[in-house]
Structures are given as structure tokens and as C-alpha cells.
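Visitor: fold the stuff below for me.
(one chain, ligands or ions: 1)
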Amino acid sequence: MPRAEIPGFSGVDPACAQGAASTGLEVLVGPGLEAHAGELEPVIRAAGYPVRSGARPHADGGQLVLLGLDASPAGWQGLDSCPAGSLAVAMFLAQPRPDEVRNAFRRGAADVLLAESETPGGVVRDFLEALRSSPGPAAGQPAGERFGGLVGVSEAMTEIHSMVGLVGPADTTVLIQGESGTGKELAARAIHAASPRADAPFMAINCGAIPPDLLEAELFGHAKGAFTGAIQSRQGRFAKVGAGTLFLDEIGEMSPDLQVKLLRVIEERTYEPLGSSRSVEFSARILAATNQDLELAVQAGRFREDLYHRLNVLSLELPALRERGGDEILYLLDHFLAQLNRKHGTEVGGVTPLAGHLLATYSWPGNVRELRNLVERLVILKRAGLVEPADLPQKVRGVQASLEETGSGAERTELERDILLGQGRDMKAEVEAFENRMIMQALEATGGNRNQAAQLLGVKRTTLVEKLKKRNLG
Ligand SMILES: Nc1ncnc2c1ncn2[C@@H]1O[C@H](COP(=O)(O)OP(=O)(O)OP(=O)(O)O)[C@@H](O)[C@H]1O
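Guide: A predicted model of the protein is given here:
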């Protein structure tokens, strides 16, 4: 099936796809495809889906909305207004440019199809067939939502999506590693959702946030009189989670004593509640996460090697946000803007090119959590319009903010000199960053018109376009 290729995206995610296919959602032959409705409707019906044609999807979702993207704006507008809870699938009716494909994904398409001929029926038939046979969890998810909300379009995240699809059904322990805020809990939830245990509970417990004694009682439960104050018996998480998934966050913080006990539970699949000699069957799946280097902790004697190997049967390493590239940051930014505008009833439309550039090049030490928190702050404070550089915190504006805020004259020159004399210099990177700033300012000043921006900068349009492409600024 012809499917649009963009680096780091391999097509509709199984979670969305399976959700649509397994529940037999209605397919809407939507905006931009009016002229093809006669050809598409029988194809869709033959694939086993109820079908309807029209420009307006159901406001409450529950549809797979096919949109036609060509020179006319109808399909693009349809993509923008596709309601949450529907799966938007965009079809280019003529060969698209790569930036148009990327744009379609950014604007919420769950997949993009290429109908190179005048007859898109075959492409739609192949797509619906692939949808039926795609693996993954059943879930009617909003357009653009991937793997239980673990969204991303970078190569690294596409790999994570495939891994989730693979390890989900495997029913082994999985160790999820990554810096704080990279989405480890979300990945654990996605694995659970992709597993045969999806209908049973998912429970998360932060091993670093609870003192060791309490953690033991919390996990194992206790019998009446097990310790002072245990006036009645109480079930622990091992029991409450049943045949579901228990997510042990910050496993590196678990005390050595408890590590021994946990290893026994995993190996023998039984445990005794505190103060009881009654053996209880343990039937849950364990997923664990850490933001420490657990191998180092093993070498340092802080973490048991046998437990490490038991947990690490399969592993998932979530990359830091700064390693995923500017495109991913901007994609997540759009995703959170849409999500948080909905939550707060606000209408922040996006960011200016320069603000986008600053966000895309900031280092995000708090990873996706930091980005989400910032977007939430921005929508609450701004309420509508476009986010400008001045709306961003100083740490994101970086050198530019320091220069702006230092005023003019000698003071400013001194700061510039300090910056220039700073440590860890990399002339190429600095020249590039300086150029990038000029480019983004020129684009901002010309409302994104590349011809005019190139003129302003005194370079050829092709030079500008090449730099935009090479540096992912487009
Ligand atoms: N890929 C993603 N797509 C959408 N939201 C994400 C993504 N990754 C993280 N988030 C959001 O970022 C926040 C932090 O995610 P999460 O709690 O899963 O991170 P974590 O790695 O488990 O953090 P910690 O190590 O501090 O426990 C949550 O609000 C989560 O919804």
C-alpha cells in the first residue's frame, strides 16, 4: 500500500488501528474526498465497515475519518477540526512534498496515504485490510494519540512504539529506563494496554517515595496484629492488582531487604502477607522503572544482580527529550497545546517561529514533563493568540533573554564578552545558533515568507531553504 514516508514514522499505530477495526467504527468519507465517495463507499463496505459520506464528522468522535488532501483547503480544514475520539486518516490525491506529509501528521493525522492515481479505492481497501490485521491493543483513542498517550514522531519514539507492541503481549518483566519525565510510567501503561491483561488493573507504586517498612506492608499486605497498630488485616498491592500489571517505579530505591523478598515473589509466584504464614499466589505481571543506571548500582553493590537480571528480561530505554530532535519537541508542543486548550477552555493557537526555535533548541532537563508543565502555564496565562519569545521563561530564552534584559551599552557588551569567553566553546555551533536566530527573526518579520526573508538576510532563497531543511527549522 502506498504510505507516506517521513523519517521516524512508520504509519498508523496499532493501538489506534486496532481500536477502530475491532470495534467496527464507522468510516466517514470526509472533506476533500467528495468526488470519490461513489468509488470509496462500496470498497469500505466490502471491508466490513459501516460507511457514511459528508463534510462533518460526529462531534463526539467514534469514527475513522478519511480526508483528501490536495490543492483545495477542505481536507486540511477537516483535519484541523477532526474531533477528539476519532481517527483521522489523510490521503494525498497528488504526490505531496515531504513538508506537507509532516504537516499532516503534525495536524493530527494518525496515518497518511498516497493515492498517486485518480482512483484511491485500492489504497483505501489495502489500508483497511492492514488495519484489521494489525496487532495491538483495542482502544478507541483520540486522533493523534499513540500508545495510550505516549506520542512522538522521532525515530527513537517510533522504535519505542514498536517495542511496546512487541513486549506488550510477551508477559515477561520489563525494565524501563530513562531520565525523569521521559514517559516511563506512560510506557508502562502502554505495555499493559498492549497485553492480554489490559482488562485487569494497572497499579503504579513509587518505591522511592515510601519508607521501606511501609513499602513492604503496602506491597505484601498484613495480617491482623502483624505489628503495632495493625488492628485488622489488610490486602497489599500484590493482592489488589490481581492478574493485572504492577508498575514498580524508582525500583533502584528499593531497600536490600525488600529486593530479596521481591526476587522470591517473582521466582516462586507466591508470597506471605506480613505476620502471616499463609502462602498467597501472585499472579500479576511486574514492570519496573528507574532513572538510575541500574548496572552501575549493581556494580556498586546497591542493587542485587540476580534481581536486576530477573527484571531486565526485556528492557526499554526512553531517550531524553533533547535527544529526540526539534521536530519531536514541536510535535509534542502541538499535542499538549491541543490537549491543554481543551482542558482549560483556552485558544492558544501556537507559537511564533522564533518562540518555536527557542523551544526546539532548549535542553529540557525535566524532559516531557517540563514541556507539558510549561505549555499548561502558557495556556493559562496567555489564553489566546500565539506564544511569543517574551512569554517564555528566561531559561528557555537563554542568551537572547540575558542580552535583552541587560539593557544596552557597556553592560551589554560586557555580557556578550562574558558569553564569548564562556566555557565549552564550539564556534561552529555558536555560528549556527546565531544564524538560526537571524533566520527565525527574518521569517517572523516576514510572516514566514521565505522569498522576503531571504532578501532581508541578503542570501539566496535556495540557501535559506537548504539551511531550514538541514537544521530542521522548516
Ligand atoms: N511521549 C509522551 N507523550 C505524551 N505525554 C508524555 C510523553 N512522555 C511523557 N509525557 C507526559 O509527561 C509527564 C511525565 O511522564 P511520566 O510520569 O510517564 O514520566 P516518568 O519518566 O515516569 O517520570 P519519573 O521518572 O519522574 O517518574 C506526564 O504528564 C506524561 O503524561
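Visitor: any idea how far His161 lies from the ligand?
Guide: His161 sits 10 Å away from the ligand, going by Cβ to the nearest ligand atom, to the nearest Å. Any C-beta I mention is one placed from the backbone N, CA and C, and that applies to glycine too.
Visitor: other residues contacting stretch 228-244?
Guide: Contacts with stretch 228-244, where a contact means Cβ atoms under 8 Å, 6 or more residues apart in numbering, come from 192, 197, 200-203, 205, 217-226, 246, 265, 271, 273-276, 280, 282-285.
Visitor: so how far is the ligand from the residue nearest to Thr361 when sequence neighbours are not counted?
Guide: With Cβ to Cβ, 6 or more residues apart in numbering as the measure, Gly326 is the residue that lies nearest to Thr361, at 6.7 Å, once sequence neighbours are left out. In this structure, Gly326 and the ligand are 15 Å apart, going by Cβ to the nearest ligand atom.
Visitor: please apply the same query to Leu464.
Guide: 32 Å.
Visitor: about what we covered before: number of residues surrounding the residue nearest to Thr361?
Guide: For Gly326, the count of nearby residues is 18 (other Cβ atoms under 10 Å).
Visitor: is it true that it touches Leu358?
Guide: No: counting by Cβ atoms under 8 Å, no contact exists between Gly326 and Leu358, whose distance comes to 10.5 Å.
Visitor: for this protein, which residues score under the pLDDT cut-off?
Guide: Judged against pLDDT under 70, the low-scoring parts of the chain cover residues 1-25, 60-62, 84-85, 98, 102, 105-106, 116-118, 130-148, 399-430, 474.
Visitor: can I see the domain layout of it?
Guide: Domain segmentation of the chain under automatic domain parsing yields 14-133, 155-317, 323-470.
Visitor: distance between the second one and the chain's centre?
Guide: The one in question is domain 155-317. Computed by Cα atoms, centre = their mean, to the nearest Å, the chain-centroid distance of domain 155-317 equals 23 Å.
Visitor: which residue, other than its chain neighbours, is closest to Arg383?
Guide: Counting by Cβ to Cβ, 6+ apart, the nearest residue to Arg383 once its immediate chain neighbours are dropped is Thr346, at 4.9 Å.
Visitor: I'd guessed the one you found sits against Leu378; true?
Guide: No: taking Cβ under 8 Å as the definition, Thr346 is not a contact partner of Leu378, at 9.2 Å.
Visitor: settle it for me: which of those two has more neighbours?
Guide: Comparing Thr346 with Leu378 by neighbour count (other Cβ under 10 Å), the higher total belongs to Leu378, at 22 against 18.
Visitor: and the more buried one, helix, strand or coil?
Guide: Look at Leu378: counting by DSSP: H, G, I helix; E, B strand; the rest coil, its state is helix.
Visitor: likewise Ala55?
Guide: With three-state DSSP as the basis, the three-state label of Ala55 is coil.
Visitor: grab the nearest non-local neighbour of it.
Guide: When the adjacent residues along the chain are set aside, Ala55 lies closest to Pro31, with 5.1 Å between them (Cβ to Cβ, 6+ apart).
Visitor: again with Ala442
Guide: When the adjacent residues along the chain are set aside, Ala442 lies closest to Ala453, with 4.0 Å between them (Cβ to Cβ, 6+ apart).
Visitor: who's in contact with the one you found?
Guide: Neighbour list for Ala453: Ile439, Ala442, Leu443, Ala445, Thr446, Leu464 [criterion: Cβ under 8 Å, 6+ apart].
Visitor: do Glu250 as well
Guide: Residues in contact with Glu250 (Cβ under 8 Å, 6+ apart) are Asn206, Cys207, Gly208, Ala209, Ala289, Thr290, Asn291.
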